[in-house]
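1. Build the 3D model from these lines:
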Amino acid sequence: MSSKVEKNKRQKENSLYDAAYNLFTTKGINDTAISDIVKNAGVGKGTFYLYFKDKYDILDRIILKKSSEVLCQAIAETKSKDFKAFEDELLYFIDYIIEYFKKDRLMLKLIYKNLSWGVLKKASKDYEEIREIYTMFEKGYANTSLPKEDIEKILFLIMELTGSISYSSIILKEPTDIDEMKPILFNTIRKII
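-> Numbering: from 1, shown residues only. Below is the predicted model:
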């Protein structure tokens, strides 16, 4: 009996996530009210507050969930290939993320510049793949004198840079299109690593 109740709760929560994501990406965050979300989810307003404090709480969770999904796909695809050098592996991983966002501009708009390792570290308990990103970096720096705590700082720096450049170049076309920025970004990442 409790599994049916749990399943019903998950369905309601997922309906709220889906409704909020669709509304945030089509109407915008500022023009979406909680009443819009619950109406589109087919649940009562009280149900919303069982799961979320306010619309910014659900937004933060959507950003975390969607960012994690993109990174999980990117690391899974990267792991399916064979690379001789860490640099090639990392650039493939970054390229996958950029190409994903080129195809899904609405998601990138919602995530904004929040493709952050600091934010995503929170998801590592729920997504094994997120931990695998860190493992890729650890292996890449295994034969160096770089202190372990600096590996995470470099990962943070590269993820922040990738998220910001993707948003600015794909959404705003600033300073230019992403395809023109990619070689510069890749050269910068090569210098960082």
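2. As a check, name the ranges of all helices in this protein.
-> Applying DSSP state H to the chain gives helices spanning 2-26, 34-41, 45-51, 55-79, 86-103, 105-111, 117-121, 128-140, 148-166, 178-192.
3. Mind listing what's buried along the third one?
-> Meaning helix 45-51. Neighbour-count burial for helix 45-51, counted by 16 or more other CB atoms under 10 Å, picks out 47-48. C-beta: built from backbone N, CA, C; applies to glycine.
4. The fourth one now?
-> Within helix 55-79, the residues that count as buried by 16+ other CB under 10 Å are 55, 58-64, 66-68, 70-72, 74-75, 78.
5. again, but for the last one
-> By neighbour count with 16+ other CB under 10 Å, helix 178-192 contains the buried residues 178, 181-182, 185-186, 189.
6. I'd like those residues as a markdown table, with pLDDT appended.
-> As requested, the buried residues of helix 178-192 are exported to a markdown table (pLDDT from 0 to 100):
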| residue | pLDDT |
| --- | --- |
| Ile178 | 97 |
| Met181 | 97 |
| Lys182 | 97 |
| Leu185 | 97 |
| Phe186 | 98 |
| Ile189 | 97 |
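7. Widest-spaced pair of those residues?
-> Largest separation among the buried residues of helix 178-192 by CB to CB: Ile178 and Ile189, giving 14.4 Å.
8. so what are the domain limits for this protein?
-> By the assignment in automatic domain parsing, the chain contains the domains 1-52, 64-192.
9. Who are the contact partners of the residue lying closest to Tyr100 once chain neighbours are set aside?
-> Closest residue to Tyr100 apart from its sequence neighbours, by CB to CB, 6 or more residues apart in numbering: Val70 at 5.5 Å. The contact partners of Val70, by CB atoms under 8 Å, 6 or more residues apart in numbering, come to 97, 100-101, 107, 115.
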